[in-house]
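A.B. asks: Have a look; sequence and predicted model below, questions after that.
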Amino acid sequence: MPEAAIDLSPVRDGDEVALTGYGCEDAVAGNWDYSGSRLRVSHTYAVGFEQTIHEGSFISERDRGEGGVVEVMGGIYAVTPGPAYVAPRVTVSETQGEPTSGPGSRGPRRGGLCPGDSGGPLYRVGADADGRTIVGINANYTFSGGYEYSPDGITFRYGGRPTTNWHTRVDGTYGLQVGKWLASLGVNTVCSRGDCE
């Protein structure tokens, strides 16, 4: 079986990626039967970490700003849209030509991580990748549905379908420097775009 290389080129917003895992037939914390589980692949794309700010998420508007949680965590995690993701609608103002945001739509169904998928690979696909290379490791998610809980008076949600999927970055240029560490151990690494440090 061929070994997949670790791609040290950073994952950027809009990059084509393939999410892998068993996923949830129903919902995280819902009822599902593992007896028929099979590995699934969802071709999707990366979105900015700020997309984790939504109703029910433990990441909020107060986490924005230079050096804030969103900036720091965006250097550690690549994010993909989950099945409950609602893409922001961007329109262009007729008078100013400036993009403005508004309520979006759910768009095509996207894959969602499920308990047990953690540790699985996120692959880069597309014209800039030589075959498939690993750019992330499945790690976490946020929700907008499911069960509510309110520690310290702040309401969060758990369960339902993921709104965003989180993948620990393995490139060599951000926060944890995982890619550089793996390369130092002799792991097969590539720089698919030539933008590695």
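C.D. replies: Good, I have the coordinates.

A.B. asks: Number of residues surrounding Arg38?
C.D. replies: 6 (other CB atoms under 10 Å). For every residue, glycine as well, the C-beta is placed using N, CA and C.

A.B. asks: residue contacts, it?
C.D. replies: By CB atoms under 8 Å, 6 or more residues apart in numbering, the contact set of Arg38 is Tyr22.

A.B. asks: Helix or strand with the lowest mean pLDDT in this structure?
C.D. replies: Across the helices and strands of the chain, mean pLDDT, DSSP states H and E gives its lowest value to strand 99-105, namely a mean of 43.

A.B. asks: What's the first helix or strand after it?
C.D. replies: Using DSSP states H and E, the helix or strand that follows strand 99-105 in sequence is strand 121-124.

A.B. asks: outside of that next one, which residues touch it?
C.D. replies: 4, 7, 9, 11, 15-20, 78, 80, 129, 132-138, 167, 192.

A.B. asks: got the contact list for the most centrally placed residue in the chain?
C.D. replies: Compute the mean C-alpha point of the chain, and by CA atoms, centre = their mean the closest residue is Val79, 2.1 Å away. Listed by CB under 8 Å, 6+ apart, the contact partners of Val79 are Ala46, Val47, Gly48, Phe49, Gln51, Thr52, Thr164, Asn165, Trp166, His167.

A.B. asks: Mind giving me the packing neighbours of the longest strand belonging to the chain?
C.D. replies: The longest strand of the chain (DSSP state E) is strand 133-143. Applying 3 or more CB pairs under 8 Å, 6 or more residues apart in numbering; DSSP states H and E, one finds that strand 133-143 contacts strand 6-7, strand 16-21, strand 77-81, strand 121-124, strand 162-169.

A.B. asks: can you tell me the helix or strand for Thr44?
C.D. replies: Counting by DSSP H and E, Thr44 is found in strand 40-45.

A.B. asks: Report the mean per-residue pLDDT for the helix or strand that that strand is followed by.
C.D. replies: Using DSSP H and E, the helix or strand that directly follows strand 40-45 along the chain is helix 69-74. Helix 69-74 shows an average pLDDT of 90 in the prediction.

A.B. asks: Kindly report the same for stretch 20-40.
C.D. replies: Averaged across stretch 20-40, pLDDT comes to 70.

A.B. asks: what does stretch 46-58 give?
C.D. replies: Rounded mean pLDDT across stretch 46-58 is 92.

A.B. asks: so what's the spatially closest residue to Gly48 that is not a sequence neighbour scoring on pLDDT?
C.D. replies: Leaving aside its sequence neighbours, Gly48 sits nearest to Asp13 (CB to CB, 6 or more residues apart in numbering; 4.9 Å). At Asp13, the predicted lDDT confidence score is 92.

A.B. asks: Correct me if wrong: Asp13 contacts Ala46.
C.D. replies: Yes: counting by CB atoms under 8 Å, Asp13 sits close enough to Ala46 to count as a contact (5.8 Å).

A.B. asks: between the helices and strands packed on strand 133-143, which gets nearest to Ser184?
C.D. replies: Among the helices and strands packed on strand 133-143, the nearest to Ser184 by CB to CB is strand 6-7 (11.8 Å).
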